[in-house]
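Participant: Predicted model and sequence follow; I will ask about them next.
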Amino acid sequence: MSHECKTFLITGVSSGLGQAFATAALRAGHRVAGTVRSSEAGQAFEALAPGRTRAIQLDMSDFDAMPAAVADAERALGPIDVLVNNAGYGHEGALEESTIEELRRQFDVNVFGPVALIKAVLPGMRSRRRGRIVNVTSMGAFITMPGISFYCGSKFALDGISETLGKEVAPFNVHVTSLAPGQFRTDWAGRSMQRTPRSIADYDAVMDPVRAARQAKSGNQPGDPAKAGEALLKLVECEAPPVRLFLGEDALALVAGEMDHMKKEIADWTPVSLSTSFA
């Protein structure tokens, strides 16, 4: 796919990275269908570039609505060339303090919704023998930190699904990339974060500093969403895109550290790993 005008479908364009992705694509002359949660947000989005925007009201946990949303976007703007599964949220809470219902909601929005949308766009991409699917995961799809087990679990799941899907659809010239940001200056750790109330004192020592640091950093994160938008455009113009693209110095440093730790642990336990074959 070269620099011709493309049709994007981007989820969650009202704020944060989704808004930055849509703005960058529109500035580059592309058409963008964007999902929003309210008619007011939809009107604001369509006003950005009348004729090249289409707002679609969609709840990411309403899986049955996905095919109609895709049909709406394609009727308005043409066949979808690029799907960006960006909409999602973070859940913060110690696992023991958090409910199964909170876990289910996290996976509905961060995993099942994106998969349902992929299933809705894939028949068209496959028949046209071209397409790009970008699933916004997180550095938390590779590294973990206490207090966000449900979030990291959802992003690990989406990352694994993305990599596997990429192998299934490669013969159709459909490319799949996990876009894994570090900390960007969005509402992720602020207004958008779902926090489980604290209830077990034993977790104070691990949870209190983590929660305080995350709230203090909200609004001061190192990543610039506008530059993430430019990175997305580079990604979708690339003839051979990567399986995963990490964004941000923090993501690169933490992932490199995690890989070093994994290599050491594998080496330390190699004798046990090799001890399990039939003699």
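Facilitator: Right, received. Where do you want to start?
Participant: quick one, what contacts the nearest residue to residue 88 once chain neighbours are set aside?
Facilitator: Leaving out its chain neighbours, the residue that sits closest to residue 88 by C-beta to C-beta, 6 or more residues apart in numbering is residue 110, at 4.4 Å. From N, CA and C alone the C-beta is placed, and that goes for glycine too. Applying C-beta atoms under 8 Å, 6 or more residues apart in numbering, we find residue 110 in contact with 88-89, 151, 154-155, 157-158.
Participant: Would you reformat those residues as a markdown table and include secondary structure and neighbour count?
Facilitator: Below are these laid out as a markdown table (DSSP: H, G, I helix; E, B strand; the rest coil; neighbours: other C-beta atoms under 10 Å):
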| residue | secondary structure | neighbour count |
| --- | --- | --- |
| 88 | coil | 27 |
| 89 | coil | 18 |
| 151 | helix | 25 |
| 154 | helix | 28 |
| 155 | helix | 27 |
| 157 | helix | 18 |
| 158 | helix | 24 |
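Participant: Which one of those is nearest to residue 277?
Facilitator: For those, the closest approach to residue 277 (C-beta to C-beta) belongs to residue 157, at 30.2 Å.
Participant: Quick check: that closest one touching residue 106?
Facilitator: No: taking C-beta atoms under 8 Å as the definition, residue 157 is not a contact partner of residue 106, at 10.1 Å.
Participant: Now do the same for the helix or strand hosting residue 18: mean pLDDT, whole number.
Facilitator: Per DSSP states H and E: residue 18 is located in helix 16-27. The average pLDDT within helix 16-27 is 97.
Participant: The next helix or strand after it versus helix 16-27: what angle between them?
Facilitator: For helix 16-27, the following helix or strand on the C-terminal side (DSSP H and E) is strand 31-36. Between strand 31-36 and helix 16-27, the angle comes out at 160 degrees (axes from the mean of the first three to the mean of the last three C-alpha atoms, to 10 degrees).
Participant: circling back: where does the residue nearest to residue 88 land in three-state SS?
Facilitator: helix (DSSP: H, G, I helix; E, B strand; the rest coil).
Participant: shaky segments in this structure?
Facilitator: 1-3, 188-190 (pLDDT under 70).
Participant: The longest strand along it: partners in the sheet, and parallel or antiparallel?
Facilitator: Scanning the chain for the longest strand, with DSSP state E as the assignment, gives strand 174-181. Each strand paired with strand 174-181, and its direction, by DSSP bridges: strand 131-136 (parallel), strand 244-247 (parallel).
Participant: List the buried residues in that strand.
Facilitator: 174-181 (16 or more other C-beta atoms under 10 Å).
Participant: same thing with stretch 210-221?
Facilitator: 210-211, 214, 218, 221.
Participant: Among these, which are located in strands?
Facilitator: The members of these all map outside strands under DSSP E.
Participant: Can you flag which of those belong to helices?
Facilitator: Among those, the subset assigned to helices under DSSP state H consists of 210-211, 214.
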